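> based on what follows, work out the 3D shape:
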Amino acid sequence: MTIIAGSAIEIETEDGLLWYAQNGAKRTRLSLYAAQGVHIERLDTELYLARDAVPVWTGEDWSREASVYLYPTEKDELYAVWLNSHCGFGVTPKDAVLWQASSVGGPKNSASQIAVVKPGCYIERYSYKHATPSSWYAITLDGAVRRLGTRSNIVALALRGDKDAKRLAELKGWLSELTTAGQLEVQDET
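Numbering: from 1, shown residues only. Sure, this is the predicted structure:
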């Protein structure tokens with residue numbers, strides 16, 4: 001089973017091309033294809049499920065094309081393909097990334113990106129010029145995709161016992177920063 005998230009895709013295509021992005025004519029073209037027999041179900045605006053499908057990537061460091069193909073399979077493994085055609089993203093932990101490619105070009109941090117990841121990870125979606133805080137998403141081991149929000153939202157959720165938020169906050173060291181900050185002396189201005 002493969003989860004597809006991060007950007008809207010076109011599931012009714014004759015040529016199998018579900019998504020593509022390219023930041024300039026001389027930049028890498030990123031694409032996602034579905035082979036014959038792969039059926040994709042739309043779960044939400046930017047969330048899809050390809051049952052009985054496995055992602056396979058192609059692309060060489062020297063080429064200007066990087067593609068992920070969804071092929072039918074009977075294996076019971078869970079994968080996620082994360083797409084972004086705006087400013088890119090990061091993955092935590094880094095070893096969850098099985099394959100990734102980006103197409104960088106244009107002003108500031110303008111970038112398109114595609115990655116195949118193993119669930120049990122977090123996606124940090126960047127904003128243009130990093131003007132707003134990053135949005136974080138959890139891809140859980142049971143195949144759910146949850147929007148956790150910004151860092152402050154995640155810390156608040158972690159302190160309330162949310163297991164996904166707590167794990168991310170621990171991986172990023174945000175909870176230990178709070179402990180250190182809690183040792184600072186607070187003075188009343190009156």
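> distance of Ser67 relative to Tyr33?
Between Ser67 and Tyr33 the distance, using Cβ to Cβ, to the nearest Å, works out to 6 Å. C-beta coordinates here come from the backbone N, C-alpha and C atoms, glycine included.
> quick one, strands of the protein?
According to DSSP state E, the chain carries its strands in the segments 2-5, 17-21, 29-34, 40-44, 47-50, 53-59, 65-72, 79-84, 89-92, 97-104, 111-117, 121-125, 135-139, 145-149.
> list of residues touching the fourth one?
Residues outside strand 40-44 that contact it (Cβ atoms under 8 Å, 6 or more residues apart in numbering) are Ile4, Ile9, Ile11, Leu18, Ala34, Tyr48, Leu49, Ala50, Arg51, Ala53, Leu70.
> adding distance to Val117, write the residues you listed out as JSON lines.
Compiled in JSON lines, the contacts of strand 40-44 are given as follows (distance: Cβ to Cβ, whole Å):
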{"residue": "Ile4", "distance to Val117": "11"}
{"residue": "Ile9", "distance to Val117": "17"}
{"residue": "Ile11", "distance to Val117": "21"}
{"residue": "Leu18", "distance to Val117": "17"}
{"residue": "Ala34", "distance to Val117": "18"}
{"residue": "Tyr48", "distance to Val117": "15"}
{"residue": "Leu49", "distance to Val117": "15"}
{"residue": "Ala50", "distance to Val117": "15"}
{"residue": "Arg51", "distance to Val117": "18"}
{"residue": "Ala53", "distance to Val117": "15"}
{"residue": "Leu70", "distance to Val117": "15"}
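> low-confidence ranges, this structure, go.
Within the chain, the set of residues satisfying pLDDT under 70 comprises 25, 59-63, 106-109, 178-190.
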